[in-house]
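# no sequence on this one, just coordinates:
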RNA sequence: GCCCCCAUCGUCUAGCCCGGUCCAGGACAUCGGCCCUUCAAGCCGGUAACGCGGGUUCGAAUCCCGCUGGGGGCACCA
């Protein structure tokens, strides 16, 4: 048997990490099983679905490297893959349930149902549909229709049905009492299908063998199983994966902000880091290994090893993982890292839209000397913004610590002369000049190194000083030193004036 | 309120099925130290968890029951 799974997003928003995480495990499971992955767009809620969101979701899945064998864009033998294009099928199947009396027309209006619901809440009892339209005669239906009511189609939960047992691949055996279920609507009064129904019809029509979904759907399972039964179909295997929680311990949703996959892409996260991180939430190999390539993940994944408890989406570890993958990318394809960093600098307005080859080479140099400090592209801001600003932004604390006093101005002036005199301006020559100057002034190297760093970069953290000076170039180094000297002297004189 | 799921360090988790090898292991984060021109990295070390109560057993993180806590669901949303 060929394993077939599906991911069925509804295009009512951007793909968020919770959805991506689900898609990932469907994909991982099916790739491990050498099966087929189907993408189905659940756009039956037409008021909230848009084509733009659909396109965006596909794009984000592709960015993550999750490929599908059948879907709205590539087609396939069981298409179409958009629910709005399958209405004929739903209507046909709805009719079949109606004919079997497994479903019935319900003429209750939303207002009436709402009132029933509110009454139930007020009386502290669980709301269940009254079943008012369960046994309507043809005459009743004609009368109700004559009032202008458009009926919905309700599924008839068989009475006296034995317990519904779900053998979940992750949760194990879960039992539901059919008495707790009421007749539910499967088709709106406008004839469009509802999620539960469309899901069953499509999963069957698309030959889906395994349904991996979030455990928020567990309570839908008995209803769906009942429908499979009414149709006389076997149901697919189900597996309910834990829900992903935000740091507030609530189900991850758009409300959490910054949970859209494209936001991570925009921030320059590496898709392979995100995917590796996804794998570690809910699934962990016994040996405690954490870094996996995609093929390794596919090879080692076992759905039986899936965890059952909800996990909190906490990005601390993701940032670390991204750093690890960044180092790999830096070694194998530095251009890729340079692109990401350029994107970040552009968003911050530190780089123009049009990047010349020279400018690009310069960024590459900066990236090279930043090395392992780059975990995320934005780290370039904390460690190397001064490479891209005309004026150094001085960190007040750094200045306070290293850039004050007349002797310091003197020392910097001395350094300025030493650097100006340097014939070559490469790393070795710079180091020789700086250390030489320190020796001539009879001080330890670090006594000049720290102030020099602050004078040139405005901060106490960053790449190696000599490399940084080389990349900055003689002209800018001398200019910045001059400015720092003026800064110290004006601070000194104003202090003297006020003191 | 009703139904269902879950429960090990702050976080992701290993161990649980097949009780002893677990005064609970790893990773991220955090705190110290080393290294070093700074930071980061690296290396060394530390803090930190079996929710509670009952059983069963010679022995329970592991099995059973209850409680508590957390989460999800109860739509003409998906």
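Yes, it's here. The model shown is predicted, which means the values in this text are computed figures rather than measured ones.
# From here on, just use CA atoms for contacts and neighbour counts.
OK.
# What's the per-residue pLDDT of residue A:55 here?
Note on residue A:55: pLDDT of 96.
# do the one 3 residues further on as well
Per-residue pLDDT puts residue A:58 at 97.
# Without its sequence neighbours, what residue ends up closest to residue A:53?
residue A:11 (5.0 Å; CA to CA, 6 or more residues apart in numbering).
# any idea what that neighbour is structurally, helix, strand or coil?
coil (DSSP: H, G, I helix; E, B strand; the rest coil).
# tally of neighbours for it?
Other residues lying near residue A:11 total 24 when counted by other CA atoms under 10 Å.
# contacting residues around it?
Neighbour list for residue A:11: A:41, A:42, A:43, A:48, A:49, A:50, A:51, A:53, A:54, A:57 [criterion: CA atoms under 8 Å, 6 or more residues apart in numbering].
# near RNA strand B too, which of the residues you listed?
A:42, A:43 (CA under 7 Å from any atom of the strand).
# Mind picking the two most distant members of the contacts of residue A:11?
Across those, the longest distance by CA to CA is 14.6 Å; it joins A:48 and A:57.
# Pick out whichever of the two has more residues nearby.
residue A:57 (26 against 12).
# so that one is in which element?
helix A:51-64 (DSSP states H and E).
# phi, psi of residue A:34?
phi 50, psi 40 (degrees, to the nearest 10).
# now swap in residue A:193 and tell me
phi -80, psi 160.
# now it, nearest residue through space, not along the chain?
residue A:187 (4.3 Å).
# For the one you found, give its distance to RNA strand B.
Counting by CA to the nearest atom of the strand, to the nearest Å, the gap from residue A:187 to RNA strand B is 7 Å.
# Hmm, residue A:404 is touching residue A:485, no?
No: look at residue A:404 against residue A:485 with CA atoms under 8 Å: they stay out of range, at 9.3 Å.
# Out of the two, name the residue with the larger neighbour count.
Counted by other CA under 10 Å, residue A:404 and residue A:485 do not tie: residue A:485 has more neighbours, with 23 against 18.
# Start from the N-terminal end of the stretch 101-250 of chain A and give the helices.
Per DSSP state H, counting those that start in this stretch, the stretch 101-250 of chain A carries helices over the ranges A:110-122, A:138-146, A:195-205, A:221-231.
# What's the mean pLDDT across the third one?
Same thing as helix A:195-205. For helix A:195-205, the mean per-residue pLDDT is 96.
# and that helix, how far out from the chain's middle?
Here helix A:195-205 is found 27 Å from its chain centre; the criterion is CA atoms, centre = their mean, to the nearest Å.
# Same question for the second one.
Shown here is helix A:138-146, whose average C-alpha point lies 51 Å from the average C-alpha point of the whole chain (CA atoms, centre = their mean).
# How about the contacts made by residue A:360?
Shown in contact with residue A:360 (CA under 8 Å, 6+ apart): residue A:338.
# Alongside RNA strand B, which residues does the stretch 251-400 of chain A contribute?
A:251, A:280-290, A:305-314, A:316-318, A:320, A:372-374.
# Among these, which lie within strands?
A:311, A:312 (DSSP state E).
# Among the residues of the stretch 251-400 of chain A next to RNA strand B, name the buried ones.
Buried by 16 or more other CA atoms under 10 Å: A:251, A:280-284, A:306-307, A:310-313, A:318, A:373-374, out of these.
# Just give me the closest of these to residue A:218.
Nearest member of these to residue A:218, counting by CA to CA, is residue A:310, at 13.8 Å.
# which secondary element of chain A has the worst mean pLDDT?
Using mean pLDDT, DSSP states H and E, helix A:474-498 stands out as the lowest-scoring helix or strand of chain A, at a mean of 81.
# How about the contacts made by the closest residue to RNA strand B within the stretch 101-250 of chain A?
Proximity of the stretch 101-250 of chain A to RNA strand B (CA to the nearest atom of the strand) peaks at residue A:216, 2.8 Å away. Contact partners of residue A:216, counting by CA under 8 Å, 6+ apart, are residue A:243.
# And for residue A:220?
residue A:196.
# In a markdown table, list the helices of the stretch 101-250 of chain A along with distance to residue A:167 and mean neighbour count.
Shown next, in a markdown table, are the helices of the stretch 101-250 of chain A (distance: least, CA to CA, whole Å; neighbours: other CA atoms under 10 Å):
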| stretch | distance to residue A:167 | mean neighbour count |
| --- | --- | --- |
| helix A:110-122 | 32 | 12 |
| helix A:138-146 | 40 | 13 |
| helix A:195-205 | 17 | 19 |
| helix A:221-231 | 11 | 19 |
